[in-house]
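# compute the structure for the input listed below.
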Amino acid sequence: MHGTNEELPLDNAHEPFELDHMMDQDSQDPFEHDNTMNQNVQEPGDAVSAGGEVQNSGGSPTPTGEDTAPGVLGLVLGPLLADILFANGRGVLLTPKAPLDNKPPNAPLEPSRTEGAVEAPGDPDQQTQDPASRGTGLNKFIDNSADTLLEPDKGKLPGQGSDNEEWEDPGQEEEWEDVEQEGGQQGGVGAEHGGVLGPGEGPLANIDNLTKLMNDAMHTDVKIVLDYIQELQSATLDSQEPMLGSAVLSRLKHPLTTTEVYDESWKAALRRHPDDPDLSYYEVKNLLVEITGVVDVREDMCIDSCVAFTGPYHDAVTCPTCGQDPLDSKTKKPRQQFNTIPSGPQLQALKRHLLSAIAMKYRQCQTETLQRLLRDQGGDMKVFDDILSGTKYHEAINDGRIQPDDIVVMLLFDGTQLFENKPSDCWIGIWIILDISPKGRYKLLSILPAFTIPGPKKPRVMDSFLFTTFYHLAGLQKDGFCLWDASEAEIVTCRPFFALGTADGPVLTHLNGLVGHMGMNGCRLRCGLLGRHQPGHTHYYPVLLKPVDPVEGCNHDDVDWAAICLTPPPSLEDYLKDLARLVGAKTDKDFKDIRRETGIVKPSIVLGLSSTCRFPITRCFGPDIMHLICLNIPDLFVHLWRGTIAHADHDSPRMWPFAVFRVGNVWKRHGKIVATATPFLPGSFDRPPRDPAAKMNSGYKAWEFLLYLFVLGLGVLYDFLPPIFYTHFCGLIYAVQIINQHRITKEQLEKAIVALAEFVVQFEVLYYQRCSD
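Model prediction:
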């Protein structure tokens, strides 16, 4: 970053962003606020997902060079561009193979699963004209039912990066960081829902090939993951009796009706009424399990959180990592346990309640409406407002992998630090029910707990803790389970469909098995962009332009960003071939070389789920738009503009033309201007941004960053940034306002792609300037 006081010319191939673009949004105000805007959980679908990398949470924000150095913009916005392009640009043409009311040729013969489909009322021709009109009839009744059911909760979603989440410390790094790959086609659909892995999933197509991979595997960590995957593939409901108990297992096969639940509750009340007995906690807990069917499964874990004693470690007498005994030497009781709440009984409870059962009709009705729109529009999705608009979702519908009575779920998990000044990690997983409308699915009454892992240390083998959750899900998918649908007053058979696994950047690597953004092949979409690192460092950055003094091993030529966007991402078969190479590595050196080359660290535990009951492995890990826009990008630019980012000794911030807030008085004056804007912000904007000069180091919130830079930024930065840097940042504001809309048209996405591509290239020209240090 060798600065100069002269304005830097931009590359002729990338003209400066015109401010006229800021006014080119006639269809909708880019920051339209409603009740759902304050829910910070972004909807990661095929159609409107965005990629981002994050740093570890915890600690105060301090300027460092490792995670905020030049080139990070190519990383954080690259996946966003590629995902938008392939999911919504050339990849949105859909040709429905069969209407919802016709069973596909290979669908299982289960009449009860297709009968009684709810048709959206009203004039079909009128409904297919404008997606905005989908708030009438049964859909509107479903939304109102969800609002009635879920209105009491006004809080934010726990564990999902709330608006009050503090600025994360960019100085900490995880062992693995996250990158999600996408692309490829589902290799075929099994004749039944319960198939293990469909044809086309390459080396993992069946148990025999998996066994061969296990025999070839030389790396210990890979062997353990393959053991977990093999056990997941053999999971059934009957095999879960030791974990769930015979009573809960019987409920999954023979659900209670609403009347039976009432009778059970009444019997429970009668048992205590005669003498008003004082029930103990244990008795109350057992009664709740008896009435609801929801059970808490507790399993042993290492006292230092190394592993959970599940799957391959179930019979281990000591921790395979640290050697400690999981049992207390005196009492012989477990020293530490973690909790799993099986999803099946919870889904049964939701369906038993009339209001929640009606609310869960949203996906079915919305899908029927969207399928009619696709037929009328020649298979081209023109508006994206939910995961249900995604390409892969409609492929699963057309292939018969998602049936009307199935429930589509998304797993989200994250770690949180309970105490600021001592080790206190706690990991929480939750299920999001995508059958409920976006207005209700993120409210507390709709969220299902999945697991909790106590600290105080971070789990080392996360697959061992996730195993129980996925083992139960795999059994439900293979055998199906029955539930009482109160909205239809009938028993239906359901196989949960695993749509997405989501987390922030460092955490998601535990689930998708990729190296993360620090790797040479670190793109979460596996786009093929090779990173570059600084002299004497091993952290790779996705830099497009070749430095003037390149480091050996990353001295490849300039990368044309347009060529990357226009090149289709690697297919599912490519991913599985790379995975087979990694598993078959004979030496530790070969393993590390293949890992660096492919960006794969281990097989994903999600491979153990039936391929007919999930999206392709390259498509079922959601990006993280909230941390990207609300924390990572603000962190980078604030340090650049203040001149506090780590830099080489000879590269003084005094020579940086963009370091306009380096002088304390200027930074304080700017902060006061931001604070004085508060009276002019609508109340729907919730928390207004505080004075960044005074509060930046006191827990500046994600929502404050969003409003500060991407709402007020046009005004509060105008008199401070030099024109060329101000115009450059306006391009990012324009794109961010588009992708934060609740409803995005295809034309708006195309404009966002252009704006983001210009922004990334110009960032390297203006800030990085081809300097490797």
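# only C-alpha atoms from now on, for both contacts and neighbour counts.
Noted.
# let's verify residue 720: helix, strand, or coil?
State at residue 720, reduced to three classes by DSSP: H, G, I helix; E, B strand; the rest coil: coil.
# now it: how far from residue 637?
14 Å (Cα to Cα, to the nearest Å).
# helix/strand/coil for the residue lying closest to residue 748 once chain neighbours are set aside?
Setting aside the residues directly before and after it, residue 748 is nearest to residue 738 in space (Cα to Cα, 6 or more residues apart in numbering), at 6.8 Å. The local conformation at residue 738, judged by three-state DSSP, is helix.
# ok, residue 738 - how many residues close by?
The number of residues packed near residue 738 is 22, by other Cα atoms under 10 Å.
# that one contacts residue 744, doesn't it?
Yes: Residue 738 lies in contact with residue 744 (Cα atoms under 8 Å); the separation is 7.2 Å.
# all strands for the stretch 401-550 of the chain, in order.
408-417, 425-433, 448-453, 481-485, 490-494, 497-502, 532-533, 540-541 (DSSP state E, counting those that start in this stretch).
# of these, flag the one that's most buried.
When neighbours are counted by mean count of other Cα atoms under 10 Å, the highest per-stretch mean among the strands of the stretch 401-550 of the chain falls to strand 532-533, a mean of 26.
# what strands line up against that one, and which way round?
Partners of strand 532-533 in the sheet, by DSSP bridges, are strand 540-541 (antiparallel).
# and the partner strand, what's its mean pLDDT?
Summarised as a single mean, pLDDT over strand 540-541 is 88.
# give the next helix or strand downstream of that strand.
In the C-terminal direction, the helix or strand that comes right after strand 540-541 (DSSP states H and E) is helix 561-566.
# which element follows that following helix toward the C-terminus?
Where DSSP H and E defines the elements, the next helix or strand beyond helix 561-566 is helix 572-583.
# now for that next one, which elements pack on it?
Identification of packing neighbours for helix 572-583 by 3 or more Cα pairs under 8 Å, 6 or more residues apart in numbering; DSSP states H and E yields helix 207-216, helix 588-598.
# what's in contact with the last one?
Surrounding helix 588-598, the residues in contact under the criterion Cα atoms under 8 Å, 6 or more residues apart in numbering are 219, 515, 519, 520, 521, 578, 581, 582, 583, 585, 600, 601.
# which parts of that helix are buried?
Applying a neighbour-count criterion of 16 or more other Cα atoms under 10 Å, one finds 591, 594, 595, 596, 597, 598 buried in helix 588-598.
# could you dump the residues you listed into JSON lines with distance to residue 282 and pLDDT added?
Putting those into JSON lines (distance: Cα to Cα, whole Å; pLDDT from 0 to 100) gives the following:
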{"residue": "591", "distance to residue 282": "50", "pLDDT": "92"}
{"residue": "594", "distance to residue 282": "52", "pLDDT": "92"}
{"residue": "595", "distance to residue 282": "49", "pLDDT": "91"}
{"residue": "596", "distance to residue 282": "52", "pLDDT": "89"}
{"residue": "597", "distance to residue 282": "54", "pLDDT": "89"}
{"residue": "598", "distance to residue 282": "51", "pLDDT": "90"}
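# next, the distance between the ends of stretch 227-247.
29 Å.
# now it: average pLDDT?
Over the span of stretch 227-247, the pLDDT mean works out to 83.
# count the residues that sit near residue 419.
Residue 419: 11 surrounding residues under other Cα under 10 Å.
# what's the answer for residue 333, then?
For residue 333, the neighbour count with other Cα under 10 Å is 11.
# just to revisit the earlier point, right, so of the strands of the stretch 401-550 of the chain, which gets closest to residue 341?
strand 448-453 (5.2 Å; Cα to Cα).
# contacts only, for residue 229.
In this structure, residue 229 makes contact with 605, 606, 607, 608, judged by Cα under 8 Å, 6+ apart.
# any idea of the pLDDT on the residue nearest to residue 748?
Looking at residue 738, its pLDDT reads 94.
# same question for residue 729.
For residue 729, the model assigns a pLDDT of 97.
# against residue 561, how distant is it?
Spatial separation of residue 729 from residue 561 under the definition Cα to Cα is 19 Å.
# among those two, which residue is more densely surrounded?
Between residue 729 and residue 561, residue 729 has the larger neighbour count (other Cα under 10 Å), namely 22 against 19.
# what strand or helix carries the nearest residue to that one once chain neighbours are set aside?
Here the nearest residue to residue 729 in space, its sequence neighbours aside, is residue 759; by Cα to Cα, 6+ apart that works out to 7.5 Å. Secondary structure from DSSP H and E places residue 759 in helix 746-763.
# buried set for that helix?
Applying a neighbour-count criterion of 16+ other Cα under 10 Å, the buried positions in helix 746-763 are 746, 748-749, 751-753, 755-763.
# what's the closest of those to residue 224?
Comparing every one of the buried residues of helix 746-763 with residue 224 (Cα to Cα), the shortest separation belongs to residue 760, at 39.9 Å.
# would you map the strands across the stretch 201-350 of the chain?
Listed from the start of the chain, the stretch 201-350 of the chain has strands (DSSP E, counting those that start in this stretch) covering 297-300, 337-340.
# deepest of those, which one?
strand 337-340 (a mean of 20).
# sheet-wise, list the partners of that one with their directions.
strand 297-300 (antiparallel), strand 448-453 (antiparallel).
# would you mind listing the outside residues contacting the last one?
Contacts of strand 448-453 from elsewhere in the structure, counted by Cα under 8 Å, 6+ apart, are 337-343, 346, 426-432, 465, 469.
# now it against strand 425-433, angle please.
Orientation of strand 448-453 against strand 425-433 (axes from the mean of the first three to the mean of the last three Cα atoms, to 10 degrees) gives an angle of 160 degrees.
# strand 448-453 vs strand 408-417, what angle?
Using the same axes, to 10 degrees: strand 448-453 against strand 408-417 is 30 degrees.
# pull strand 448-453 out as CSV, backbone CA atoms only.
Provided in CSV are the C-alpha atoms of strand 448-453 (Å, rounded to 0.1, in the frame of the first residue of the first chain):
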residue,chain,number,x,y,z
LEU,A,448,-36.2,-26.2,17.3
PRO,A,449,-33.2,-26.8,19.6
ALA,A,450,-30.7,-29.3,18.1
PHE,A,451,-27.9,-29.6,20.5
THR,A,452,-25.8,-27.8,23.1
ILE,A,453,-22.1,-28.5,23.8
